[in-house]
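[1] How does the following fold in three dimensions:
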Amino acid sequence: MIGNTKFSTPETTPPDENKAFSRENQRLSILFEIAEILGQENDFHEILRLVANKAASLLGAEIALIMMINPLTRQTVKTVIKAGQEVSHPDFHFVHTQITGWVTKNRQALLSPDLQQDKRFGAKFFADIPVHAVVSVPFMSEGVIIGTLLLMNQEKSKIFSEDDLACLKKLAAIAAPFLRNVQKLQAYFTAPMPEASLLTKYAGAGLIGKSATFIQLLAAIEAAARCDVRVLLEGQSGTGKELIARAIHRFSNRTDGPFVAVDCGAIPANLVESELFGHVKGAFTGADRERKGLIEQAAGGTLFIDEIENLSSDMQSKFMRVLQEGEVRPVGSNVTRKVNARIISASSMSVSDLVEKGKFRSDLFYRLHVYPIYVPSLADRREDIPLLANHFLAKFAAEQNKRATSFHARLLDFMRQRVWLGNIRELENFVERLVTLVPAEEQMVSHEILPADVQPEFRRAKTSGAGPSANPSLNHYMQDFEKQIIQQALADHDWNQSKAARALKISEQKLRYRMMKLGIARPASE
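    Alright, predicted model coming up:
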């Protein structure tokens with residue numbers, strides 16, 4: 001009878017198995033995508049960035065980090081950060097270094113549900129670090145570990161599984177062939193970028209030139225962009241220090257983060273603390289709402305502090321504590337907040353001279369002076385003036401809808417010889433003024449349209465092409481003499497800067513500053 005008939009139903013897959021199957025398919029899809037993209041990418045930096053980003057997506061990690069290892073020195077020299085704005089920089093660096101050390105020493109992957117309770121690192125080794133679950137795998141190349149991939153979570157509930165570890169190992173295995181050429185990796189860490197590549201790369205960031213002095217500057221900028229240390233830019237007003245800071249940020253690992261700039265000389269002294277550290281509601285008259293300071297606003301990115309010599313003694317002390325502790329306390333608050341912003345500072349003065357005169361804290365100077373870059377004046381790179389002038393001409397002609405595309409040879413020579421006390425900024429303003437004066441249909445900017453206040457100077461100038469070197473100034477002779485004295489002192493002491501500084505009766509910081517400014521470097525044969 002029908003009532004007694006038994007019908008069999010098809011077996012159904014449990015929901016949990018369906019989810020696991022779907023997750024596995026999704027991960028395989030991402031791994032295939034990574035392999036395909038890596039096969040099309042030749043830029044080493046982009047490969048690292050891609051792997052970090054995809055690893056975080058793959059396992060849903062809060063923080064993804066890559067540390068590459070110099071194959072010759074075994075030093076950890078390259079770090080890529082996917083995220084982690086919640087982790088202070090000292091904490092991040094400490095955890096990353098310790099985990100990488102463990103993985104390379106034991107030559108195996110690491111999986112820990114709670115780093116703070118992990119007995120492999122000793123009791124309370126990571127007790128004060130706001131990180132719990134971690135998983136890390138090595139990049140292997142012919143039996144040599146050339147780097148590590150580390151994922152971290154701060155929430156206790158977000159732990160990594162054995163399946164996660166297996167998946168991360170697959171990712172490392174896929175990425176390793178693209179990183180396995182140890183010789184190329186070593187070249188990446190040591191070899192300077194070819195001049196043509198440097199010029200092209202940074203022209204896109206608005207840094208224009210071709211002189212030897214300018215190329216030397218670009219090499220320093222490129223080195224600063226590759227690391228994550230603090231940079232101190234020193235150079236005359238108008239030399240383009242903020243543009244350089246923006247270029248360092250743009251080509252650094254923090255490029256996806258904000259770039260925040262502040263001019264200490266443009267902020268009233270009584271507002272500097274509030275601007276940098278922020279304030280809570282009611283902290284002072286007019287503070288009708290809470291406001292994040294610029295240091296917090298730059299989280300995960302770069303904070304550029306111009307004219308840092310204008311910081312008061314009290315603010316220098318407070319800023320020093322920020323650099324030491326990696327945290328800020330808003331005005332009117334009793335609570336500190338962790339911060340993670342790269343600091344690039346700048347000054348139109350020699351900060352080491354200010355230290356000697358007692359006008360700037362020495363401990364703050366040493367904290368900021370990790371990677372100093374001297375920015376040359378326009379007088380030190382006259383060869384670049386025609387390039388800069390034509391760059392500004394194209395810019396302002398387009399803005400003003402003018403047809404001008406070139407300068408008369410006599411006018412260009414005049415600009416090359418002229419003394420630009422305001423450096424590049426003054427040259428830019430000068431060209432903008434000329435473009436404003438030139439007729440809309442005129443294709444060449446002639447010296448005949450020079451403003452009345454400049455005409456006498458033009459008539460006095462020697463525009464025959466002899467150039468400024470035909471009549472060197474007293475300052476030129478003095479700098480040349482100083483350069484000879486310093487070079488001799490260094491040679492007499494086997495290029496030991498400490499001994500040479502003592503012989504010259506100046507501080508070692510002052511000696512290094514003068515060496516940068518005068519372009520003094522140890523000969524390759526020394």
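
[2] For the residue nearest to E162 when sequence neighbours are not counted, the count of nearby residues, please.
    Sequence neighbours aside, L111 is the residue nearest to E162 in space, at 7.1 Å (criterion: C-beta to C-beta, 6 or more residues apart in numbering). In this view, the C-beta of every residue, glycine as well, is placed from N, C-alpha and C. Neighbours of L111 under the rule other C-beta atoms under 10 Å: 18.

[3] Direction included, what does the helix or strand containing L111 pair against?
    In this assignment (DSSP states H and E), L111 forms part of strand 110-112. Strand 110-112 has its sheet partners listed here by DSSP bridges as strand 134-141 (antiparallel).

[4] Okay, and the beta partners of the residue nearest to E162?
    Here L111, judged by DSSP bridges, has bridge partners V135.

[5] Now do L364 against F94, distance only.
    As defined by C-beta to C-beta, to the nearest Å, L364 lies at a distance of 23 Å from F94.

[6] More neighbours: the two, which one.
    Neighbours per residue (other C-beta under 10 Å) separate L364 from F94, with L364 holding more: 22 against 16.

[7] what's the pLDDT at that one?
    For L364, the pLDDT comes out at 90.

[8] My read is that it contacts K318, right?
    No. Between L364 and K318 there is no contact under C-beta atoms under 8 Å: 10.2 Å.

[9] Could I have the CA atoms of the host helix or strand of Y202 written out in PDB?
    According to DSSP H and E, Y202 maps onto helix 195-203. Output of helix 195-203 as PDB, limited to C-alpha atoms (Å, rounded to 0.1, in the frame of the first residue of the first chain):
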ATOM      1  CA  GLU A 195      70.200  57.800 -13.100                       C
ATOM      2  CA  ALA A 196      67.700  57.800 -15.900                       C
ATOM      3  CA  SER A 197      65.200  55.800 -13.800                       C
ATOM      4  CA  LEU A 198      65.600  58.200 -10.900                       C
ATOM      5  CA  LEU A 199      65.000  61.200 -13.000                       C
ATOM      6  CA  THR A 200      61.900  59.800 -14.700                       C
ATOM      7  CA  LYS A 201      60.500  58.500 -11.400                       C
ATOM      8  CA  TYR A 202      60.800  61.700  -9.500                       C
ATOM      9  CA  ALA A 203      59.900  64.000 -12.300                       C
END
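
[10] mean confidence for that helix?
    Averaging pLDDT along helix 195-203 gives 85.

[11] elements contacting that helix?
    Counting contacts by 3 or more C-beta pairs under 8 Å, 6 or more residues apart in numbering; DSSP states H and E, helix 195-203 packs against helix 212-226.

[12] So which residues make contact with the helix it packs on?
    Helix 212-226 is contacted from outside by 78, 192-193, 195, 198-199, 201-202, 207, 209, 231, 244, 247-248, 250-252, 371, 373, 375-376, 380-381, 384, 519, using C-beta atoms under 8 Å, 6 or more residues apart in numbering.

[13] likewise stretch 263-279?
    262, 283-284, 287, 290-296, 305-312, 315, 318-319, 322, 328-333.

[14] what about it, start to end distance?
    Start and end residues of stretch 263-279 are separated by 19 Å (C-alpha to C-alpha, to the nearest Å).

[15] Next, the buried residues of that stretch.
    C264, I267, V272, E273, S274, E275, L276, F277, G278, H279 (16 or more other C-beta atoms under 10 Å).

[16] In CSV: those residues, plus distance to P138, secondary structure and pLDDT.
    As requested, these are exported to CSV (distance: C-beta to C-beta, whole Å; DSSP: H, G, I helix; E, B strand; the rest coil; pLDDT from 0 to 100):
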residue, distance to P138, secondary structure, pLDDT
C264, 45, helix, 92
I267, 48, coil, 90
V272, 46, helix, 89
E273, 45, helix, 88
S274, 47, helix, 88
E275, 44, helix, 90
L276, 41, helix, 93
F277, 41, helix, 92
G278, 41, strand, 87
H279, 46, strand, 83
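
[17] so where's this structure shaky on pLDDT?
    1-22, 39-44, 70-93, 122-125, 127-128, 180-193, 283, 462-477, 523-526 (pLDDT under 70).

[18] mind giving me the domain ranges of it?
    Structural domains annotated on the chain: 16-189, 231-375, 379-470, 474-518, as defined by automatic domain parsing.

[19] got TSV for those domains, with distance to L217 too?
    As requested, the domains of the chain are exported to TSV (distance: least, C-beta to C-beta, whole Å):
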stretch	distance to L217
domain 16-189	21
domain 231-375	7
domain 379-470	8
domain 474-518	10
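
[20] Check the gap between F481 and Q488 for me.
    11 Å.

[21] more neighbours, these two?
    Q488 (13 against 10).

[22] Next, give phi and psi for the more buried one.
    phi -70, psi -40 (degrees, to the nearest 10).

[23] What of E296?
    Dihedral angles (degrees, to the nearest 10) for E296: phi -70, psi -40.

[24] pretty sure it is touching N340, no?
    No. Counting by C-beta under 8 Å, E296 sits too far from N340 to count as a contact (9.7 Å).

[25] Tell me which of those two has more neighbours.
    Comparing E296 with N340 by neighbour count (other C-beta under 10 Å), the higher total belongs to N340, at 24 against 20.

[26] Can you tell me the SS state at the more buried one?
    At N340 the chain is in coil, as set by DSSP: H, G, I helix; E, B strand; the rest coil.

[27] What separation is there between it and Q316?
    21 Å.

[28] give the contact list for the residue nearest to E162.
    Counting by C-beta under 8 Å, 6+ apart, L111 has contacts V134, V135, F160, E162, D164, L165.

[29] Let's have the residues you listed in CSV, adding neighbour count and distance to E33.
    Shown next, in CSV, are the contacts of L111 (neighbours: other C-beta atoms under 10 Å; distance: C-beta to C-beta, whole Å):
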residue, neighbour count, distance to E33
V134, 25, 25
V135, 27, 21
F160, 22, 21
E162, 9, 23
D164, 19, 18
L165, 18, 20
